[in-house]
Each structure stands twice: as structure tokens, then as C-alpha cells.
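Undergrad: this one's sequence-less:
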């Protein structure tokens with residue numbers, strides 16, 4: 001199990017990544033511990049897109065789009081189809097084109113319009129406000145690397161019944177789709193950083209993180225292929241190569257949500273999965289957990305860099321979201337253990353681990369981050 005030592009080490013690395021000193025590190029200590037889920041097999045279904053929508057609210061002025069706040073909380077009437085837990089994870093972003101269209105159609109009432117997006121797992125790939133994931137396709141080139149071959153040997157697929165194979169194939173295809181999307185997400189992050197004049201060390205680390213995600217996707221596709229007894233990889237994914245974040249504030253808020261929070265939780269989940277996995281698979285999962293922890297540290301560093309360039313609005317939204325919480329409630333329900341040795345945590349254990357990572361790492365690091373922007 002991941003214990004308090006590993007948790008404190010992760011928290012320390014994220015605080016150091018933001019350039020904080022020993023006094024702040026001591027002030028952010030927490031006495032918390034981390035604790036020591038098929039469709040048709042012939043054709044894996046694509047991941048459903050994250051739900052999204054739009055809303056408009058009254059503005060104090062109709063003169064220019066700049067009269068609108070860039071970041072606002074989700075109003076009570078928006079995203080009503082989501083559960084309260086999901087509403088706490090929704091991303092909201094100002095839409096200038098939608099605002100202009102709405103004002104042109106109703107010039108007597110000045111409005112500011114926004115788009116909301118349901119948060120996705122891991123580091124999401126967002127294009128025009130929507131999360132993109134590739135569906136699985138028959139191909140063998142994603143399961144031939146040294147890491148993929150090692151994963152196939154570590155799968156422990158001998159003497160597994162067909163229903164269990166189907167469950168494991170579906171799980172690892174989901175993981176593979178998210179890891180594959182993260183490759184493009186890091187590539188777009190690099191474009192954002194170039195556009196905003198980031199230092200070379202950040203660009204170097206982001207590029208290395210994308211290479212890590214390629215290896216993670218290969219491992220996940222290899223495991224899915226082994227359990228499903230067929231060669232699988234990603235289908236083409238149309239990703240426009242252009243920067244998404246026009247200002248340091250955009251970058252700070254986007255990286256906080258998709259990196260600081262999501263990658264921190266991903267590292268905790270991978271570490272917890274490794275703790276119960278078979279020895280060969282545990283070695284692979286511990287490597288992924290270490291990579292994800294490094295990616296999380298990078299995200300905290302990028303966010304701190306962007307906030308230092310000045311963005312009071314983004315800092316306010318980060319503070320608002322941290323006050324609302326992140327929708328990972330703790331649970332005392334007993335976790336299923338039948339698939340733990342294959343690296344699959346039960347839903348109850350995933351929620352418990354994510355909740356403790358949020359409370360023990362994300363929240364204290366967020367307080368330190370906001371202190372930098374004050």
C-alpha cells in the first residue's frame with residue numbers, strides 16, 4: 001500500500017516544483033494516509049464524449065467582450081442533467097463568439113456567454129470545448145515496443161475465464177484511450193507554452209511527458225490485446241495543431257484542472273493499483289505511477305509559472321473550485337478484490353484513493369499555489 005511516506009514525498013515534490021521553500025513545505029504537512037469495472041467483444045465501443053453545453057448571464061456592459069469575466073462559477077440552472085458530484089467538476093470557459101452572436105440577436109440585453117464541459121478522467125484532450133478519445137481499432141503496431149512486450153508477459157492471462165477476459169479487456173482499452181489522448185494533450189500544451197514564451201526547461205519536460213504517455217498507451221493496449229486475444233490500437237484522432245490557451249490565466253486554469261488535479265490523482269491510483277498487482281505487473285505499474293507523479297509536479301510548476309505572470313481571475317477560479325471540492329467522496333464500503341492482481345481497482349477503492357489524494361496533496365498544494373499568486 002502507498003503509505004504516509006510516499007504521500008508526503010509526492011506532496012513535497014509538487015511544492016518544490018512550484019519553487020517553494022522549506023518553511024512553506026513545513027506549513028503544508030497533513031496527517032493523512034493513502035490506503036494500503038463488457039461490452040461486445042468483437043468491436044470495442046468508443047468512449048462516450050464528455051457532456052457539455054452553454055449558458056449566458058447578464059453583463060454590466062454591452063460594449064465589448066472584455067466586459068465579461070473570463071472565468072465564472074457554474075450557475076444553478078446550467079448543467080442540470082449532471083449529478084451534484086459531477087457539477088462540482090464542470091469546467092467553464094468564456095466564449096467570445098457565442099457572446100457576440102447572442103448580443104447581436106438581442107441588442108437590448110447585454111449578456112456574457114460561456115461553455116461548460118463535464119470533467120473527464122486523466123488529462124483530457126479538449127478541442128473546441130469537447131473531449132476527444134480515439135476508439136479501438138485492429139492493429140498491431142502499438143503492442144510491439146519493449147514496454148508492450150513486457151506488459152504482455154506480465155498480464156497473467158493464463159487460465160482466465162472468458163467473462164473475466166472481457167472485463168479486463170474493456171478496462172485496459174479505457175485506460176489506453178485516455179493515455180493516447182494525453183499524448184496529444186501534452187503536444188498542445190507545448191504549443192500553448194511556446195505561444196506564451198515559456199522557458200526551455202518547461203518545453204523539455206512537457207515533450208518528455210508526451211513520450212511517457214506513448215509508452216503508457218502501448219502498455220495499456222498490450223494488456224487489452226492480451227486479455228482479448230487480438231491486436232488492438234487506436235483509431236485516427238483528428239486534432240487541430242493549434243494553441244488553446246491565449247493568456248497565462250487560461251493556461252493556469254486549464255493546467256490546474258487537467259494536470260495538477262487529474263495527474264495527482266492518476267499517480268495515486270497507479271500506485272495503489274501496483275500495491276495489489278502481481279509482481280511483474282506491479283513493477284510496470286510502479287513505473288507508470290512514478291511517471292504520473294513527475295507529470296503532476298510539472299503541472300504544478302507550469303501553473304505557478306503562469307500565475308506569476310499575472311492572472312487574478314484564474315487564481316479566483318482555482319480558489320473557488322478548491323472550496324467546492326472535486327467530487328471524490330470517501331467511502332467505507334468494502335472494495336472488491338477479485339481483479340486487484342491484474343491492476344484493476346474496484347470503484348470503491350478508486351474513490352477512496354482519489355479522495356485521500358485530493359485532501360492530502362491537492363488541497364495543501366493549492367493553498368501554497370494561491371499564496372504565490374496573492
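TA: That came in fine, so what should we check first? Note that this is a predicted model, so its numbers are computed, not measured.
Undergrad: Please count neighbours and contacts with C-alpha atoms only from this point.
TA: OK.
Undergrad: The lowest-mean-pLDDT helix or strand in the chain: what's the following helix or strand?
TA: The helix or strand of the chain with the poorest confidence is helix 22-27; it has a mean of 47 (mean pLDDT, DSSP states H and E). Using DSSP states H and E, the helix or strand that follows helix 22-27 towards the C-terminus is strand 52-58.
Undergrad: Can you list the buried residues in that following strand?
TA: 52, 54-56 (16 or more other CA atoms under 10 Å).
Undergrad: next one: stretch 343-355
TA: Using 16+ other CA under 10 Å as the test for burial, stretch 343-355 gives 343-346, 348-355.
Undergrad: Which one of those is nearest to residue 247?
TA: residue 354 (30.1 Å; CA to CA).
Undergrad: so that closest one makes contact with residue 265?
TA: Yes: counting by CA atoms under 8 Å, residue 265 is a contact partner of residue 354 at 5.4 Å.
Undergrad: Mind jotting down where the helices sit in the stretch 251-374 of the chain?
TA: 262-276, 279-308, 312-324, 347-357, 363-373 (DSSP state H, counting those that start in this stretch).
Undergrad: of all the ones you listed, which gets the most neighbours per residue?
TA: helix 262-276 (a mean of 26; mean count of other CA atoms under 10 Å).
Undergrad: and that helix, what other elements does it pack with?
TA: helix 279-308, helix 347-357 (3 or more CA pairs under 8 Å, 6 or more residues apart in numbering; DSSP states H and E).
Undergrad: What number of residues are in the vicinity of residue 226?
TA: By the criterion of other CA atoms under 10 Å, residue 226 has 23 neighbours.
Undergrad: who's in contact with it?
TA: Neighbour list for residue 226: 152, 155, 157, 169 [criterion: CA atoms under 8 Å, 6 or more residues apart in numbering].
Undergrad: same thing with residue 285?
TA: 270-271, 273-274, 343.
Undergrad: Quick check: the farthest pair among these?
TA: Applying CA to CA across the contacts of residue 285, the maximum distance is between 271 and 343, 9.9 Å.
Undergrad: What about the contacts of residue 226, which are in helices?
TA: 152, 169 (DSSP state H).
Undergrad: Among the contacts of residue 226, which one has the most neighbours?
TA: residue 169 (26 neighbours).
Undergrad: Find the nearest non-adjacent residue to that residue, please.
TA: Among residues not flanking residue 169 along the chain, residue 224 sits closest, at 4.3 Å (CA to CA, 6 or more residues apart in numbering).
Undergrad: Isn't the one you found up against residue 172?
TA: Yes: counting by CA under 8 Å, residue 224 does reach residue 172; the two are 5.0 Å apart.
Undergrad: Ok, which of the helices and strands packed on helix 262-276 comes nearest residue 216?
TA: Residue 216 lies closest to helix 279-308 among these, at 6.9 Å (CA to CA).
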